[in-house]
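Sequence isn't available, so here's the structure alone:
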């Protein structure tokens, strides 16, 4: 079955960077899209961007350009998101989700989410 | 960006009742291919979101047919018939027609 397993919670200092991972299994990663999302607890969800694992092509929400960088490693079926120059406003839960494009063209499987806390 | 306006912000319902949630977009969500990429998700407490309905009215995998979606262009509705205890959580509409994809503010469903 399809699984998306995200890395563990992060506590990072302001100004630092963090790299989050999303390891997949149960489907053909190399021809799929992955999206990433931000959710501050108690608030709605924001779409950060997406990446096509086939060629590494990306699309970003303008709001997160310069903040987030999406990459993939097809050899390990893992997607990554780098978050740079972190501030307290980046403290949130971050989700990865597969963007299924053959039937639903929607986010059909989600990772469990990872809490990133930015604090000195 | 497309603004998704969801109402009501919260609902309190008894088991077995039916409820409806509205989602209105600031632009038409019909894509150039003729399809409408408006989806509904449920985020149960402490969980990641789950796909309930895709492209307005199609049930996600394993989703009971108590859930139904209707609408077109800019006006959409999620209906839950015969609410069950497991339905509690926050419901979100999301549009994937226009970049950036955007979410509604959510509707919190509580069980009386």
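Nice, I can see it. Source: prediction; values computed, not measured.

you'd agree residue B:102 is up against residue B:5?
No - look at residue B:102 against residue B:5 with C-beta atoms under 8 Å: they stay out of range, at 10.7 Å. C-beta coordinates here come from the backbone N, C-alpha and C atoms, glycine included.

Can you tell me the centre-most residue of chain A?
Central residue of chain A (C-alpha atoms, centre = their mean): residue A:36, 3.4 Å from the mean position.

re earlier: looking at residue B:102 and residue B:5, which has the bigger crowd around it?
Ranked by neighbour count (other C-beta atoms under 10 Å in any protein chain shown), residue B:102 and residue B:5 place residue B:102 first, with 22 against 13.

which parts of chain B sit against chain A?
When proximity is defined as C-beta under 8 Å from any C-beta of the partner chain, chain B approaches chain A at B:35, B:37, B:39, B:41, B:48-51, B:54-55, B:58, B:60-61, B:92, B:94, B:96, B:99-106.

and the residues you listed, which are buried?
Buried by 16 or more other C-beta atoms under 10 Å in any protein chain shown: B:37, B:39, B:41, B:48-51, B:54-55, B:60, B:92, B:94, B:96, B:100-106, out of the residues of chain B next to chain A.

Show me which residues of chain A are close to chain B?
Residues of chain A lying close to chain B by C-beta under 8 Å from any C-beta are A:35, A:44-47, A:59-63, A:95, A:97, A:99, A:103-108, A:110-113.

Enumerate the beta-bridge partners assigned to the nearest residue to residue B:47 once chain neighbours are set aside.
In space, residue B:47 comes closest to residue B:89 once its chain neighbours are excluded; the distance is 7.5 Å by C-beta to C-beta, 6 or more residues apart in numbering or on different chains. Using DSSP bridges, the bridge partners assigned to residue B:89 are residue B:109.

what does stretch B:34-44 contact?
Under the criterion C-beta atoms under 8 Å, 6 or more residues apart in numbering or on different chains, residues A:104-107, B:23, B:25, B:29-31, B:49-56, B:67, B:69, B:71-73, B:76, B:78, B:86-97, B:106 lie in contact with stretch B:34-44.

In strands only, show me those.
Among the contacts of stretch B:34-44, the ones falling in strands (DSSP state E) are A:106-107, B:23, B:25, B:50-54, B:67, B:69, B:71-72, B:76, B:78, B:89-95.

Now do the contacts for the residue nearest to residue B:47.
Neighbour list for residue B:89: B:42, B:43, B:44, B:45, B:47, B:108, B:109 [criterion: C-beta under 8 Å, 6+ apart].

run the last query once more with 7 Å
B:42, B:43, B:44, B:45, B:109 (C-beta atoms under 7 Å, 6 or more residues apart in numbering or on different chains).

Could I get the pLDDT score of it?
Per-residue pLDDT puts residue B:89 at 98.

again, but for residue A:105
So residue A:105 comes in at 85 (pLDDT).

quick one: contacts for it?
Residues in contact with residue A:105 (C-beta under 7 Å, 6+ apart) are B:37, B:96.

Backbone torsions only: list them for it.
Dihedral pair for residue A:105: phi 50, psi 60, per degrees, to the nearest 10.

now do residue A:102
phi -90, psi -30.

Nearest residue to residue 70 in space, please, no chain neighbours.
In the absence of a named chain, this looks at chain A. Nearest one to residue A:70, counting by C-beta to C-beta, 6+ apart, is residue A:51 at 4.2 Å.

Not quite, go with chain B.
Using C-beta to C-beta, 6+ apart, the closest residue to residue B:70 is residue B:77 (5.2 Å).

Many thanks, we can stop here.
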